[in-house]
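Novice: Quick one, structure for this:
(chains A, B, C and D, ligands or ions: 4)
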4 protein chains.
Amino acid sequence: TAPPSPLLRPFSATARPHDILHVSALPSRIKPKYKDSPTSSLLSLRWPEPPRNVLIIPKFHAPQVTLSAVTFAKHVHQGYPGVNLVFERRVASQIHESLPFPIYTADPSALHDKIDLVATLGGDGTILRAASLFSLHSSVPPILSFSMGSLGFLGEWKFDEYKRAWRQVYMSGSRVAVTDLQDPHTQAAAANRLPNDEDDLPLHDAWSHVRGKSMGLTRSSKVLLRHRLKVGVYDAEGVNINNQLMPTSTAEPQQLLPPTPAALKTSDERTEPMKRAFHAINELVIHRGPNPHLAIIDVYVNGRFLTEAVADGILVSTPTGSTAYSLSAGGSIMHPLVKALLITPICARSLSFRPLGLPLNSKVVLKLSEKNRGRELEVSIDGKRKSGVTIGMEIRVEGETVGRTPDGGWAGGVPCVIRSPANGNPTEDDDGWVGGLNGLLKFNYPFGEA
Amino acid sequence: TAPPSPLLRPFSATARPHDILHVSALPSRIKPKYKDSPTSSLLSLRWPEPPRNVLIIPKFHAPQVTLSAVTFAKHVHQGYPGVNLVFERRVASQIHESLPFPIYTADPSALHDKIDLVATLGGDGTILRAASLFSLHSSVPPILSFSMGSLGFLGEWKFDEYKRAWRQVYMSGSRVAVTDLQDPHTQAAAANRLPNDEDDLPLHDAWSHVRGKSMGLTRSSKVLLRHRLKVGVYDAEGVNINNQLMPTSTAEPQQLLPPTPAALKTSDERTEPMKRAFHAINELVIHRGPNPHLAIIDVYVNGRFLTEAVADGILVSTPTGSTAYSLSAGGSIMHPLVKALLITPICARSLSFRPLGLPLNSKVVLKLSEKNRGRELEVSIDGKRKSGVTIGMEIRVEGETVGRTPDGGWAGGVPCVIRSPANGNPTEDDDGWVGGLNGLLKFNYPFGEA
Amino acid sequence: TAPPSPLLRPFSATARPHDILHVSALPSRIKPKYKDSPTSSLLSLRWPEPPRNVLIIPKFHAPQVTLSAVTFAKHVHQGYPGVNLVFERRVASQIHESLPFPIYTADPSALHDKIDLVATLGGDGTILRAASLFSLHSSVPPILSFSMGSLGFLGEWKFDEYKRAWRQVYMSGSRVAVTDLQDPHTQAAAANRLPNDEDDLPLHDAWSHVRGKSMGLTRSSKVLLRHRLKVGVYDAEGVNINNQLMPTSTAEPQQLLPPTPAALKTSDERTEPMKRAFHAINELVIHRGPNPHLAIIDVYVNGRFLTEAVADGILVSTPTGSTAYSLSAGGSIMHPLVKALLITPICARSLSFRPLGLPLNSKVVLKLSEKNRGRELEVSIDGKRKSGVTIGMEIRVEGETVGRTPDGGWAGGVPCVIRSPANGNPTEDDDGWVGGLNGLLKFNYPFGEA
Amino acid sequence: TAPPSPLLRPFSATARPHDILHVSALPSRIKPKYKDSPTSSLLSLRWPEPPRNVLIIPKFHAPQVTLSAVTFAKHVHQGYPGVNLVFERRVASQIHESLPFPIYTADPSALHDKIDLVATLGGDGTILRAASLFSLHSSVPPILSFSMGSLGFLGEWKFDEYKRAWRQVYMSGSRVAVTDLQDPHTQAAAANRLPNDEDDLPLHDAWSHVRGKSMGLTRSSKVLLRHRLKVGVYDAEGVNINNQLMPTSTAEPQQLLPPTPAALKTSDERTEPMKRAFHAINELVIHRGPNPHLAIIDVYVNGRFLTEAVADGILVSTPTGSTAYSLSAGGSIMHPLVKALLITPICARSLSFRPLGLPLNSKVVLKLSEKNRGRELEVSIDGKRKSGVTIGMEIRVEGETVGRTPDGGWAGGVPCVIRSPANGNPTEDDDGWVGGLNGLLKFNYPFGEA
Ligand SMILES: NC(=O)C1=CN([C@@H]2O[C@H](COP(=O)(O)OP(=O)(O)OC[C@H]3O[C@@H](n4cnc5c(N)ncnc54)[C@H](O)[C@@H]3O)[C@@H](O)[C@H]2O)C=CC1
Ligand SMILES: NC(=O)C1=CN([C@@H]2O[C@H](COP(=O)(O)OP(=O)(O)OC[C@H]3O[C@@H](n4cnc5c(N)ncnc54)[C@H](O)[C@@H]3O)[C@@H](O)[C@H]2O)C=CC1
Ligand SMILES: NC(=O)C1=CN([C@@H]2O[C@H](COP(=O)(O)OP(=O)(O)OC[C@H]3O[C@@H](n4cnc5c(N)ncnc54)[C@H](O)[C@@H]3O)[C@@H](O)[C@H]2O)C=CC1
Ligand SMILES: NC(=O)C1=CN([C@@H]2O[C@H](COP(=O)(O)OP(=O)(O)OC[C@H]3O[C@@H](n4cnc5c(N)ncnc54)[C@H](O)[C@@H]3O)[C@@H](O)[C@H]2O)C=CC1
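Specialist: Ligands and ions are numbered 1, 2, ... in the order given. Have a look, this model is predicted:
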């Protein structure tokens, strides 16, 4: 049922409108920096030079959203000439006819080295899909997410703000984006700064070509770095078998393409497949699935036996995931910046299995007990099933390490571009969490009519 | 994988040891009466004549339990000569060689007309299996349940009490069983009773042959009548399709046998298949099963739209089932005699879907919303899946009517023989519920060491 | 701070406008009958003759509501001449000047023998206050409740429907109220009824004087009978001390008046004070109150020790109360007609104290453990504290018996007049519960914007 | 009811057995260092020189515990000559006669500058009392806690381990305590360390006098640093009124003594009373207390309005407090090292007020809404009520900053000495949390008998 793969032309030199080119033709990825501030828990996005390769991810099966993706692509192509637009294969083949310029594609494993920035159009599921494309990597490009009608707790921007949103994220790092530096306090402070603070070096003029410069100064985009979980599946001998697990749905993009040529794989992936971890932005779930009987899972924390869970399932969630499945299963709601990992049972056959929170660096091991007697259990990451996990295997989970790398970048986490108010106070850094609780989750919704 | 069906000899006249005969050779079922009392919520079992056809249901896949079933069968056969022992086919073929007398079997649909009493050996699952054999009928024989090591909240007797338990239930209704009538208060009361109270009529001597008479007087067995749910599946046109649903597990006894010859079917089953309801003793569950996406179910109560449940699933439970799946899903614990029907969501994507209790006679309709878009949902009754329920269908649930019938019997409910204390005060009617909460469910288990 | 008690004139013969007369001058109470129907769980109100003595209870401290009470009183007085209006003392003294006709009052203990019907104007608290006036009695007059802006889960009618509501409840039982008998089906059925069914006897014309007869036929009012709890406080010697407990708030009407003269007390109250129980419509609460330490309460069910609750408190609730405090404490929501009694802990220091439901006829005993070491605990009934309960005492709770009395009336329960739709289908009997869950409690309120 | 204050002799020069001296005679406090390790989340205690001033805090009203305190005090005095023993006044006057050497005391405000180490004997309440003595200070001495029979989730050591526990904590920092440095791996690593790592400098021989040196090497004590909350009460004008709040219980040590002479107060306390925050180790609670009506509290997070809580109360808890009141109120269980602050409602009148977790550095403001109309609400910190908080006031809460100070010490948190296994693997750092969940809280206690 995969759509016929359109002609893939490898070299952009000869590219024509409607062409779908392979991302290998694109320049390498530009990694942004993230500045933190003493007054905000959000980070400021700083491109060292303008982003060039943008992956656009529209929701599947939603023709209206595909149209919006075309609108967005045209806007970016027209106003921001150096930008190349990349799409997943199934999307590329759907929309390349509608776009009067060449676009790029590749299978997921080739995206990581090229993509500077991701824009999603859809609901939370689309953001999860975007993140899953980088699930094997510690460095995820910033994600600019547009919600498209469907409820989105993670989605930040409404689509009709796309021009402002795009411009702000694109300009972040350029001189014109640094309004925050314009007020007297900051200037005074800046005057005292040492020249070796790299942020004070004269910014190059890579952005000078941007037509919309006259749009005026903007703020630097604010980024919420969402923690992820690292998940490894180990067989009874303790060997990591992550690379043997199969996604089960034919909707998975991986399934639609022939395997990536070996030459495009990173050496890491080829030589040390056991080490690679899946990164989850919401959660890892083990569930009885279609099995009518209770699942039995032994839980260890930092090498100590915690408990035998007898339940529909169990989940280990990030704080981001605390408003997803964990919420339904009765877990507390955690702000995404709490450095914790949540263990929430799903319908435990117990009166006393209260949801738990552990430090993010805890090591949790979930062992599929032999007591399950041959029943298969379902293992999913962010709602995508990984089949092939059987009794006796164990799943190791720990929080991803997040922080500044020696080269001044950030590793770890999913950098989500936060919506800024249209005419907002430039010093106000609202991460939107309180608004989402009230506006979307109807938190503590008051009793009474109307 | 079904065991080869052993030779079925139809007439007991020529029966030899080890034979497996068909239940059609047995006399008709004897229905007991149940006397209620102003001081207890338990009923007293009263056989009009001694029970003759006893169905013994041991747990599957548990060799030790099979041995106990043999022990129990021999004890009954030896001491209580008129009693015929019936087993499900797969059990009969397993144990007939171990029994020096003929036994009986049939497929489930033929049992209802013959079985006077059921004895289960196993855990709660075995009792559920016993009840499921009468799932299409309003009149269920009394169930005497022995727990066999596995946790049993429903199981009443420990197996090593089998002689006392059997004798008590067998004798209930005979003169010797009515200790309760021997104490002065009762006698005084009895003296004033009118002769048309049938319980005062001289009891016939059907029990006089029982060898163990010298064992002394016993109490009449006490019975807890567990309410059931009636469940009907209706297609989009409102037609009941219960008879088109298939159990999915090969462990289902129905699957092992050729269909019952039409002649043995009750006329009711042949002519009005649409009307027949499944009766659940624990609950009806609708669940997303292996489907990774949330199930969407519209819930109506007495014809009014209550809510759209977006969840892993939803369950409608009896009070008996309140300590089963509903407990795991966060429901309150209800005493089995509360006349209520519980609606408990399973991991609802909501902060405000609190479990509900409705009067037992409420009519609940669960509609598999078209929004599920082609996904199949799983429907199970007492843990047994019924496949074939698809989007657009609806499931109607209501409490079974329980009560005295014009002929003085009881219709409805599952009569469970309650354990009586070995040397207990004959006036103490403990239904065991408080004990089970503390002893098995560790209700409000105190904090602190030891 | 009590308002000066206005002159009380005992005989209505000489009554003048603005007078406040004592209810002893009024004719005796008329008890209605309640007809049940096979198709509805609501009862039909049937006055044997028109109600005469109506107690109007407006919310306290709400001047706007007092005005509405005046409006309502004038409407009733003008259109329904035989009706006498009764108010609590503090209300009577507030509004008698505004009413151009004599009104009646008494202290609470004298109301029971006189009041045919109660009308409340306010929120749930006002209905609770109305019910508390009959807290010592098994027979409560029908309550017609108007919600006045404040959220009301129990309140049925909006105040601007007062003319229709009043007329319907007043006419219930008269010939003109029995629309339900007018449709063809009913008439056919009626034709076959035996003359000894008292409902078919020619209704007398007690209503013929009602001016508004021309308003057309109405339905008989539907009544939801809410179960209550009987609560008795017993000292360490097992003596009922209900009559020694003091309400603690000066807002209690009892406090404002000298004690009722002995002659007005019913003999029952004088001679058997130990037997009288408080009746709660929501719940009985035991709470640590201002005590910073956990309360310790031993809980017995039907004479068996259930558990030692170590908690902020514990509550025993009716199904009606399941949407009050019990809901906040985590209990399930029960339809008011479920015959159950709920035990819900308040912040129990336990992981395994799940809320419980018991049959309504269970006997629950709560014992204030000696371990509380001299700390006082707070005991409240329907939100009103009863002081004087000390360590070592016990509180006995059981469901009130509800049912038809030998004289054909109903005893037990609080008969609440249900709102009928203005132009509703006369056969539709909506008890409003589903509507209240959705409209007021925001049950399963959907996620998402708007 | 305060015991008569015994003679206070100011100078130790002339001290005699049984004397109670003032702590001003003692040398200044020694602050330990805390080394962290890459492989453990526990810190290692390192005294720069042996601790000298030890505050011993036995449980109140527990004669058996007082005896144990005497035993402990004698052991320390005898074997560790330089150590001075300090007691709260009420304790000192109780036990000084039993001790053949002078002891020290002071009112709470004078303790902070003197106490090197605290030893508690009792339950969690005693540890809370110990912490409350340092509630106004950011630097709390290490707490060595002995549980004495009463359940203790925070208590670490059993009293019969007191010799080992004391020796280990006392020696931490001396050469003999560093077993951890003796194994080959560590030695190899040590060989490569730079001399400017102060831990490698030759340790001075302050411990050489200790008699028990022959007891052999021990490990350095491990410390779990528990985060606290900073709590400030502000009046309607935004002025901090912490110093106007009164503890309400006469059991409070402060109440027993005349006010500390001004000269003994730290300048900080005299000049900037508004700034001082209470530090809570468990939680801040606002509760309706004896008020029968729901409390109404507006909640702000980081300056944004979150919600209006209508409830029995609300609590802001540390992760340590997650197993205290927050657990009873339905909150999740958090490991004490999760850097979060929990908002848990107490019986909220809502279906959708799920417990929340925020980053520890969030600023939470709780405002006592004017809607409470004159009702007083109860404010407590770690179970001790602070009276004087009235409607319109607000309570500001945020996590205490914890971390290394410029001088290499730690500020913030309560350093709790963790129990080490008697013959434990020296590399095993068990923080005891998993053990406490299972052993004390009966977490996920399995169903079934025994
Ligand atoms: N009973 C439940 O609540 C279940 C929840 N899920 C969740 O669905 C996620 C997968 O999402 P889809 O593929 O879109 O599946 P889906 O189409 O079943 O939708 C899941 C729902 O969860 C929402 N969601 C996802 N992540 C969220 C977050 N971090 N915070 C708040 N809401 C969030 C989505 O908006 C959507 O409403 C899984 O990661 C899992 O958390 C999956 C199965 C059952
Ligand atoms: N997450 C959960 O708690 C799940 C529970 N179930 C329950 O299992 C039942 C089927 O039982 P089995 O076939 O034995 O499946 P099973 O082997 O999965 O065992 C279910 C467990 O529930 C217990 N149980 C069953 N009925 C009970 C009752 N009324 N009160 C207290 N405990 C009870 C059994 O003792 C057993 O421990 C279903 O009716 C459903 O209630 C089924 C699936 C998931
Ligand atoms: N944390 C809580 O939820 C608390 C609840 N209460 C409840 O308040 C009741 C007394 O009411 P008031 O004197 O008005 O006190 P109140 O002024 O404190 O209001 C209690 C609230 O409960 C509502 N309520 C009362 N009965 C209800 C019912 N049966 N179903 C749904 N909502 C109901 C009222 O509308 C009001 O919103 C008590 O019987 C108790 O149930 C009392 C104290 C604390
Ligand atoms: N309903 C409830 O659960 C209530 C709990 N409390 C808690 O009591 C604390 C004060 O303690 P006490 O003065 O001893 O009062 P208390 O004598 O009332 O005992 C409180 C109980 O909480 C335990 N506890 C205290 N802190 C704990 C922690 N961090 N983790 C686990 N258990 C803990 C104690 O061991 C004791 O069993 C407060 O900080 C508050 O957390 C206070 C009032 C009500």
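Novice: switch to C-alpha atoms for all contacts and neighbour counts from now on
Specialist: Noted.
Novice: And the residue of the stretch 251-400 of chain A that's closest to ligand 2?
Specialist: residue A:293 (3.6 Å; CA to the nearest ligand atom).
Novice: Now for residue A:308: which residues touch it?
Specialist: Contact partners of residue A:308, counting by CA atoms under 8 Å, 6 or more residues apart in numbering or on different chains, are A:296-299.
Novice: And for residue A:28?
Specialist: The contact partners of residue A:28, by CA under 8 Å, 6+ apart, come to A:113-115.
Novice: what do you get if the cut-off is 10 Å, keeping everything else the same?
Specialist: For residue A:28, the contact set (CA atoms under 10 Å, 6 or more residues apart in numbering or on different chains) comprises A:52-53, A:112-116.
Novice: Also residue A:225?
Specialist: A:34, A:41-43, A:142, A:336-337, A:402, A:410, A:412-418.
Novice: How far does the top strand by length along chain A sit from its chain's centre?
Specialist: For chain A, the longest strand by residue count, based on DSSP state E, is strand A:304-317. The chain centroid and the centroid of strand A:304-317 are separated by 26 Å under CA atoms, centre = their mean, to the nearest Å.
Novice: which stretches of chain A have low pLDDT?
Specialist: Judged by pLDDT under 70, chain A has its weakly predicted residues at A:1-14, A:176-205, A:211-218, A:246-275, A:424, A:426-427, A:450.
Novice: So in it, which helix runs the longest?
Specialist: Longest helix in chain A, counting residues (DSSP state H): helix A:63-79.
Novice: Tell me the helix or strand right after that one.
Specialist: strand A:84-86 (DSSP states H and E).
Novice: what sits up against that next one?
Specialist: Taking CA under 10 Å, 6+ apart as the rule, strand A:84-86 contacts A:20-23, A:26-27, A:51-57, A:73-74, A:76-77, A:92, A:101-106, A:111, A:114-115, A:118.
Novice: sorry, back to before: switch the contacts of residue A:308 over to TSV; also include distance to residue A:61, neighbour count and secondary structure.
Specialist: Converted to TSV, those look like this (distance: CA to CA, whole Å; neighbours: other CA atoms under 10 Å in any protein chain shown; DSSP: H, G, I helix; E, B strand; the rest coil):
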residue	distance to residue A:61	neighbour count	secondary structure
A:296	37	27	strand
A:297	36	27	strand
A:298	39	17	strand
A:299	38	22	strand
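Novice: Can you narrow those down to the ones near chain D?
Specialist: Residues of the contacts of residue A:308 in contact with chain D (CA under 10 Å from any CA of the partner chain): none.
Novice: Out of the residues you listed, which comes closest to ligand 3?
Specialist: Of all the contacts of residue A:308, residue A:299 has the smallest distance to ligand 3: 36.0 Å, by CA to the nearest ligand atom.
Novice: any idea how far the closest one lies from residue A:340?
Specialist: 17 Å (CA to CA, to the nearest Å).
Novice: Same check on residue A:330?
Specialist: 17 Å.
Novice: In terms of neighbours, single out the busier of these two.
Specialist: residue A:340 (30 against 25; other CA atoms under 10 Å in any protein chain shown).
Novice: Bridge partners for the more buried one, pull those for me.
Specialist: residue A:359 (DSSP bridges).
Novice: That one: what's it in contact with?
Specialist: Contacts for residue A:340 (CA under 10 Å, 6+ apart) come out as A:227, A:317-319, A:334, A:356-362, A:398-399, D:334-335, D:337-340, D:357, D:359.
Novice: on that earlier part again, most widely separated two among the contacts of residue A:225?
Specialist: Using CA to CA, the contacts of residue A:225 span at most 18.6 Å, a distance reached by A:402 and A:418.
Novice: Of these two, which one has the most company?
Specialist: Counted by other CA under 10 Å, residue A:402 and residue A:418 do not tie: residue A:418 has more neighbours, with 26 against 17.
Novice: For the more buried one, give me its contacts.
Specialist: A:42-43, A:143-145, A:154-157, A:165, A:169, A:221-225, A:429-432.
Novice: Which among these count as buried?
Specialist: Buried by 16 or more other CA atoms under 10 Å in any protein chain shown: A:42-43, A:143-145, A:154-157, A:165, A:169, A:221-225, A:429-431, out of these.
Novice: For the stretch 251-400 of chain A, what lies in contact range of chain B?
Specialist: A:287-294, A:310-312, A:323-330, A:345-353, A:378, A:380, A:383-385.
Novice: In ChimeraX, how would I select just the buried ones from these?
Specialist: Buried members of those, defined by 16+ other CA under 10 Å, are picked up in ChimeraX with:
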select /A:287,288,289,290,291,292,294,310,311,312,323,324,325,326,327,328,329,330,345,346,347,348,349,350,351,352,353,378,380,383,384,385
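Novice: Mind checking which of the residues of the stretch 251-400 of chain A next to chain B land in strands?
Specialist: Going by DSSP E, the strands hold A:287, A:310-312, A:345-348, A:378, A:380, A:384-385 from those.
Novice: Pull the contacting residues for the closest residue to residue A:16 other than its chain neighbours.
Specialist: When the adjacent residues along the chain are set aside, residue A:16 lies closest to residue A:102, with 6.0 Å between them (CA to CA, 6 or more residues apart in numbering or on different chains). By CA under 10 Å, 6+ apart, residue A:102 lies in contact with A:9, A:12, A:15-21, A:84-86, A:96.
Novice: Out of these, which comes closest to ligand 1?
Specialist: residue A:86 (22.0 Å).
Novice: What separation is there between the closest one and ligand 2?
Specialist: 44 Å (CA to the nearest ligand atom, to the nearest Å).
Novice: May I have the beta-bridge partners of that residue?
Specialist: residue A:55, residue A:104.
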